[in-house]
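Participant: What would the 3D arrangement of this be:
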Amino acid sequence: MVDEPTRIVVNGIKTYDGEYELATDRAFNAREWHWIKKIAGYMPNTVNEGLSGDDPDLYVALAVIAMCRAGKVDRADGLRVADVLSEAPFGSIDMVFPEAPDVPLELTGQPEQPSQNGSPSNPTSSGPSSPNTSDPSDKTPSPIGTSESDTSARLSVLKAQAS
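Facilitator: Purely as a prediction, here's the structure:
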């Protein structure tokens, strides 16, 4: 069901109730990223945190984007509509992602377990031991995290990383 769009469902908020498609093949434009940043505080490289944490502010921002794209909300009213949506009880906005295709049963089986009996001719080792020292290291630690240069991220990629 890859062709199914992600849908934003707004329920219990007069004037805005309904389902709105959020096309996963269309990149957010600069105005839409501005709304995401202004409403929810995320930037392209941090928005996955909001999706994985089900951040209500991010849901509001994505609802505004979907409603604007559907013609329900004028782009000049985006931030005002976000304020209205933010006053609704948590759960009034939901995201419905396309269902993942079924995985054949044979691909979900348990992997073979390695033998628990180590033979004397082939001892089991996880590598050399680390020295126990509290002396500071001269080595510079490697950078942590990811660097994404594609700021036109797709929502489908975000959903996949959030899962």
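
Participant: what secondary structure does the closest residue to A70 other than its chain neighbours sit in?
Facilitator: Spatially, and ignoring its direct neighbours in sequence, A70 is nearest to Y20 (4.9 Å; C-beta to C-beta, 6 or more residues apart in numbering). Heads up, the C-betas are built off the backbone N, CA and C, glycines and all. Classification of Y20 using DSSP: H, G, I helix; E, B strand; the rest coil returns strand.

Participant: what about Y20, neighbour count?
Facilitator: 23 (other C-beta atoms under 10 Å).

Participant: and it, what is it in contact with?
Facilitator: Neighbouring residues of Y20 by C-beta atoms under 8 Å, 6 or more residues apart in numbering: R7, I8, V9, V10, A63, A66, M67, R69, A70, K72.

Participant: Number of residues surrounding the last one?
Facilitator: By that I understand K72. K72: 16 neighbours (other C-beta under 10 Å).

Participant: hey, where'd the helices end up in the protein?
Facilitator: Using DSSP state H, the helices of the chain run over residues 30-35, 47-52, 56-69, 78-86, 155-162.

Participant: ranking those by burial, who's on top?
Facilitator: helix 56-69 (a mean of 24; mean count of other C-beta atoms under 10 Å).
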